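A.B. asks: Next come a sequence and a model predicted from it.
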Number of protein chains: 2
Amino acid sequence: MLNELKNVASRINDLIVNDDFPATVEPQYLRATVMDYPSRGGKRLRPALLLWCCGLLGGNIDTALYPAMAAELFHNWTLVHDDIIDEDRMRRGQLTTHESLRLFARDTFDGGDLAADKFGQNFAILAGDIQQGWALNTILKSAQHGLSTELSLALGQRLLKLGSCQLISGEALDVEFPMRNWQNISCEEVLHMLELKTGALLRFCAEAGAAIALNTCDFERKEVKMLGDFAAAAGIAFQLRDDWLGIFGDFDKLGKEIASDLASEKPTILLLKTFENLKPELQLHLAGMLGLDEYDKDIIKQVQTLMRECGSEAYVREKAEKLTEQAKEILHQFPDNKYRSFLLELTSFLINREQ
Amino acid sequence: MLNELKNVASRINDLIVNDDFPATVEPQYLRATVMDYPSRGGKRLRPALLLWCCGLLGGNIDTALYPAMAAELFHNWTLVHDDIIDEDRMRRGQLTTHESLRLFARDTFDGGDLAADKFGQNFAILAGDIQQGWALNTILKSAQHGLSTELSLALGQRLLKLGSCQLISGEALDVEFPMRNWQNISCEEVLHMLELKTGALLRFCAEAGAAIALNTCDFERKEVKMLGDFAAAAGIAFQLRDDWLGIFGDFDKLGKEIASDLASEKPTILLLKTFENLKPELQLHLAGMLGLDEYDKDIIKQVQTLMRECGSEAYVREKAEKLTEQAKEILHQFPDNKYRSFLLELTSFLINREQ
């Protein structure tokens, strides 16, 4: 499966690097910025999901390459705008878009630090805007690469619904949470946010792969919906595993990342559930360990003990496992072929990873 | 013509207010924000241009309504992101998107002023993102309202090329200019920026109207290109008139707006040409009148005199008139019908307006 994943990544990389949409973007360094995240590589999980769901139902995965590339581009532009919003400096070990543009401006223009800062944000907004257009253009291009115009158009509309509408709504809820009082955020709300922010685009990938294989524009069709549900369940399990690793992961391997959710007081289901289960005096003790500048093994250990003893650790672990099982059960209802094996392995891989 | 323009505006308003794309946007106040600019009204020049170019060539303008609405939505989302970039507080006499979200956050959450500020920007970025998706979804919807899937798809790709790629490149150049040294910006560069930022979407409108009337996906076809050139020329003439009015407009009518280009030291063609034509000592004198906090009639008068005497006022006025004539000449090559009259009147209206 991992070899096949590399194979997908390499085909998607080739398509992205050779696509002509950004060719006329000006100025030249904005064009380079538009190309930046999409050509940084990464696992290309979304393209693989789309292509393999297509293959699972006997489709020709070559006709699904442009939709797969579109899903990857869509994911990337949302990262560009996310990184501005979160004020993150690094993404996959390299500078974020707004940060690299800020440094470019600082070294190129005489406006001073504040102006460079603002310029970085402004140009990163525009880079993401162009990338959203690029993603949409790519899916519409499918009509010139083996798909019917009807299906290309239907896929475009579906991407807009699940991507531009639902995913961005999920991002908005995620931005809103830290502004609200912790006491007023429920686990259900966080789960709903994850379904939108993480689940919606994965759902699109699975649905698109299925729809291409079946040559249907009907996203309500049974197989299409089932695979969409599979992908959303696997995606949320992945996210819960992520939250779990953020506290219970290997401290020596993950280092600083371990405590970043605690440092930023992120309302994860794990943390909300812990507060829900703890007695008031222990709630206060936990609250005192949030938002610190530094986390050592001892503090992490204390948080871990609280979470284990109150049952929230088991709750989140079991919830993730249950979602994974649900996802696999859906796959088992489809005929056995190599793509089903890839998808089953991918699901296990995502939930069992240690980092 | 003005009555017919009102008629267009009313049909577009109805379509926008009743469209279901934003219905699932969350949270609720983000949905309201997504609806905000598009439902504020305005002249709806872009829809009118698109519909009338369709009518000019004998097309059924009812089939062009969704593309017309898409062009208007596209224009609106670019304003939302523009307003963040320019840090503007007001748009058409009401609060800008990021400003109204800032006030909402200040009154709703306990995060303080800085957090409300950041929240306003973040949510406005996301609102614009969703609106770009809405615009694209609207043009693809044309296939369910009288256009072929091929044409709907081709119009979508054309909008992405001229809108997401060219218009945003123009915006980027406009953001870059103030960071650069004045001496290094040429009139040609500013004209090129205007062609992208203002011309590209107007070109799309005219081309789309023509392509719908002729039921063609070939944007290189003679009539399509000619009407695209007409719209771009008229749009740049409009922009030059805007720059001219910014100095030579009626002070009592336009008030503060008169001097805003001087206050912000905006590198307009009018200002660049003036510097080009002036002797060094007068250049210094002009430079001293830029970027002031307050402008009274006397300073404006001095700037006007400089511009008249060095010939830059005549240069810009004549350039705008020449572009207007070019635009009208193109229209005169088409058969006479009521839509041609509307388009001719619209062109005159835009260039002769006093504010």
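C.D. replies: Looks like it came in fine.

A.B. asks: rest of the way, CA atoms for contacts and neighbours
C.D. replies: Noted.

A.B. asks: So which bits of the stretch 101-250 of chain A are right by chain B?
C.D. replies: Counting by Cα under 8 Å from any Cα of the partner chain, the residues of the stretch 101-250 of chain A close to chain B are A:109-111, A:119, A:122-123, A:125-126, A:129-130, A:133-134, A:136-137, A:140, A:149-150, A:153, A:156-157, A:160-161, A:164-166, A:168-170, A:172-173, A:175, A:179-180.

A.B. asks: tell me which residues in the helix or strand encompassing residue A:349 are buried?
C.D. replies: Counting by DSSP states H and E, the element that carries residue A:349 is helix A:338-352. Neighbour-count burial for helix A:338-352 flags A:339-344, A:346-348, A:350-351 (criterion: 16 or more other Cα atoms under 10 Å in any protein chain shown).

A.B. asks: Contact partners for residue A:195?
C.D. replies: For residue A:195, the contacting residues are A:170, A:232, A:236, by Cα atoms under 8 Å, 6 or more residues apart in numbering or on different chains.

A.B. asks: Show me which of these is closest to residue B:323.
C.D. replies: Nearest to residue B:323 out of the contacts of residue A:195 is residue A:170 (Cα to Cα; 46.7 Å).

A.B. asks: Next SSE downstream of whichever strand or helix holds the closest one?
C.D. replies: Using DSSP H and E, residue A:170 sits within helix A:168-176. Moving toward the C-terminus from helix A:168-176, the first helix or strand encountered (DSSP H and E) is helix A:187-194.

A.B. asks: Next, the buried residues of that next one.
C.D. replies: Residues A:187, A:190-194 are the ones in helix A:187-194 that count as buried (16+ other Cα under 10 Å).

A.B. asks: Could you list every helix and strand that that helix packs against?
C.D. replies: For helix A:187-194, the packing partners by 3 or more Cα pairs under 8 Å, 6 or more residues apart in numbering or on different chains; DSSP states H and E come out as helix A:168-176, helix A:269-277.

A.B. asks: Output these in JSON lines, with mean neighbour count and mean pLDDT appended to each entry.
C.D. replies: Below are the helices and strands packed on helix A:187-194 laid out as JSON lines (neighbours: other Cα atoms under 10 Å in any protein chain shown; pLDDT from 0 to 100):
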{"stretch": "helix A:168-176", "mean neighbour count": "22", "mean pLDDT": "97"}
{"stretch": "helix A:269-277", "mean neighbour count": "21", "mean pLDDT": "95"}
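
A.B. asks: Export those to CSV and append columns for distance to residue B:4.
C.D. replies: Below are the helices and strands packed on helix A:187-194 laid out as CSV (distance: least, Cα to Cα, whole Å):
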stretch, distance to residue B:4
helix A:168-176, 37
helix A:269-277, 56
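
A.B. asks: Please report phi then psi for the most far-flung residue of chain A relative to its centre.
C.D. replies: When distances are taken from the C-alpha mean of chain A, residue A:110 lies farthest, 37.2 Å away, according to Cα atoms, centre = their mean. When read as degrees, to the nearest 10, the backbone of residue A:110 gives phi -100, psi 20.

A.B. asks: got a pLDDT number for it?
C.D. replies: With respect to pLDDT, residue A:110 has a value of 91.

A.B. asks: Hmm, it is touching residue B:182, no?
C.D. replies: No: the criterion here is Cα atoms under 8 Å, and residue A:110 misses it with residue B:182 at 11.9 Å.

A.B. asks: low-scoring pLDDT stretches of chain A, where are they?
C.D. replies: Applying pLDDT under 70 to chain A flags residues A:254-257, A:355.
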